[in-house]
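Chemist: Sequence and predicted structure are below.
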Amino acid sequence: MPPFDVPEGDPFGPHNLPYGVFSHAGSTQRTVGVRLGDHVLDAGAAARALGSPYVSLLAQPSLNPLLAAGRTAWSDVRRALTAWVTVPAHQEAIGSFLHPLSSVTLHLPFEVADYVDFYASENHARNVGQIFRPDAADSLTPNWKHLPIGYHGRSGTVVVSGTDVVRPSGQRKAPADAAPVFGPSVRLDIEAEVGFVVGVPSERGRPVVLGDFREHVFGLCLLNDWSARDVQAWEYVPLGPFLGKSFATSVSAWITPLDALEDARVAPPERTHALLPYLDDAQDEPGGYDLRISVAINGSVVSEPPFSTMYWTAAQQLAHMTVNGASLRTGDLYGSGTVSGTEPAQRGSLLELTWNGRDPLELPEGKRTFLEDGDVVTLSAWAPGPGGTRVGLGDVSGRIVAGTVE
Ligand code: MN
């Protein structure tokens, strides 16, 4: 049964097993799949064939039932799947449910409930501060080291990797202009981020404490927070991002369970300010993740942001987002914020990479300050896995197409 024999070193070996949702060509029926190498296992069909009790979680058109089932179920299902793809007797029973990735269509794997985006990279926040507030005494805002800054985005426009992104139109006004103009954004950008997917809901009025992060969050994915910088710059004061962000947010088709990333856990950077108790993770298990991200435009790698440099952890973000009593729903998605390392070649946005257009990137197809129609942006990543392996995250890719509004 060759499809089960994933080549050694494949980042999607049986140590990974991310979840997605797929359909076969010509069919509208969606079902949960688990990636193994360059194949996808129809997990519901496999569960049924093996008489597994997890049919009800896996023979589903979205990941939501599995997300809602909770941490014990997540571990049990993962253990079962690992056995199915590695034990020869099981392999024989489910071999016909393994399909080449090239033969299926991947869909948005869960129903996105609320969507929040953070701003957790100190390097990114400092770069943005220097670009937009060059005269400020401190490139960080006074609140930055005291709370994870975030905003609520638009969950209905979260799209799966491979979905075209239509260039948004909107108002823009440069400081020197007398009046705003309307038209397609001329400063369309990316933000390389990691998205965290909430499985288990919480009750309104009851904050989720730091230590309960893994009871609620199922896994993570790559996320591209497309940003129209010209629209954003004119609209964002005083209430924050709005139409400059809400036209599209792309996520990878594969959700990597946190259980696959045990070997990637690292301590976050040293805290330089005392934190209020609900955010103080000094005594907690390491809350960071060592994810090595790569950003490519039309196939050329332009940046390699290291997620391990993020100041605020996903657990702190979850604690902060619920500390006022706001509740969680299954399918809530929150973005880490743009990931930027200390080096110029580790910046996660074109805003930073070109220093607001001052230093264009040289690509084989020409110079880039911001994105042009036809550009394809792809984020990919891997994390250290058990025994020196690599755990691959699903790519997130999107092509810019011309807007229809003029
Ligand atoms: Mn963002």
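Modeler: Sure, I can see it.
Chemist: surely Pro384 meets Ala264?
Modeler: Yes - counting by C-beta atoms under 8 Å, Pro384 does reach Ala264; the two are 5.2 Å apart. Backbone N, C-alpha and C define where each C-beta goes, glycine included.
Chemist: what is in contact with the two at once?
Modeler: Common neighbours of Pro384 and Ala264, using C-beta atoms under 8 Å, 6 or more residues apart in numbering, are Asp290, Val391.
Chemist: Just want to know which of the two has more residues nearby.
Modeler: Ala264 (22 against 19; other C-beta atoms under 10 Å).
Chemist: Need the phi and psi values for the more buried one.
Modeler: Main-chain torsions, Ala264, degrees, to the nearest 10: phi -100, psi 0.
Chemist: looking at this, Ser75 is in a strand?
Modeler: No - applying DSSP: H, G, I helix; E, B strand; the rest coil, one finds Ser75 to be helix, outside a strand.
Chemist: Quick check: it touching Asp259?
Modeler: Yes - contact criterion C-beta under 8 Å: Ser75 and Asp259 qualify, at 6.3 Å.
Chemist: Same drill for these two, tell me which one is more crowded.
Modeler: The residue with more neighbours, out of Ser75 and Asp259, is Asp259; 16 against 12, by other C-beta under 10 Å.
Chemist: who touches that one in this structure?
Modeler: By C-beta under 8 Å, 6+ apart, Asp259 lies in contact with Trp74, Ser75, Arg78.
Chemist: just Ala192 next, same as before
Modeler: Ala192 is in contact with Leu222, Asn224, Ile293, Val295, Ser303, Pro305, Thr338, Val339, Gly348, Ser349, Leu379, counting by C-beta under 8 Å, 6+ apart.
Chemist: Assign the third one to helix, strand or coil.
Modeler: For Ile293, the assignment made with three-state DSSP gives strand.
Chemist: how close does Val200 get to Asp212?
Modeler: Here the criterion is C-beta to C-beta, to the nearest Å. By it, Val200 lies 9 Å from Asp212.
Chemist: And these two? Which one has more around it.
Modeler: More crowded of Val200 and Asp212, by other C-beta under 10 Å: Val200, with 21 against 17.
Chemist: Assign the more buried one to helix, strand or coil.
Modeler: Val200 - assigned by three-state DSSP - is coil.
Chemist: So it sits against Trp74, correct?
Modeler: No - Val200 lies out of contact with Trp74 (C-beta under 8 Å); the separation is 9.5 Å.
Chemist: re the thing from before, and the contacts of Ala192 as TSV, adding secondary structure and distance to the ion?
Modeler: Below are the contacts of Ala192 laid out as TSV (DSSP: H, G, I helix; E, B strand; the rest coil; distance: C-beta to the ion, whole Å):
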residue	secondary structure	distance to the ion
Leu222	strand	13
Asn224	strand	9
Ile293	strand	14
Val295	strand	14
Ser303	strand	15
Pro305	coil	13
Thr338	coil	5
Val339	coil	10
Gly348	coil	9
Ser349	coil	8
Leu379	strand	13
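Chemist: Nearest to Arg399 among the residues you listed?
Modeler: Using C-beta to C-beta, Asn224 comes nearest to Arg399 of those, at 11.7 Å.
Chemist: Report the beta-bridge partners for that closest one.
Modeler: With DSSP bridges as the criterion, Asn224 is bridged to Ala192, Ser250.
Chemist: show me the contacts for it.
Modeler: Counting by C-beta under 8 Å, 6+ apart, Asn224 touches Ile190, Glu191, Ala192, Glu193, Thr249, Ser250, Val251, Val377, Leu379, Val396, Gly398.
Chemist: let's see 7 Å
Modeler: Going by C-beta atoms under 7 Å, 6 or more residues apart in numbering, Asn224 touches Ile190, Glu191, Ala192, Ser250, Val377, Leu379, Val396, Gly398.
Chemist: for Ser308, same thing?
Modeler: Applying C-beta under 7 Å, 6+ apart to Ser308 gives the contacts Val266, Gly288, Asp290.
Chemist: what's the answer for Asp42, then?
Modeler: Counted by C-beta under 7 Å, 6+ apart, Asp42 has contacts Thr31, Gly33, Phe97, His99.
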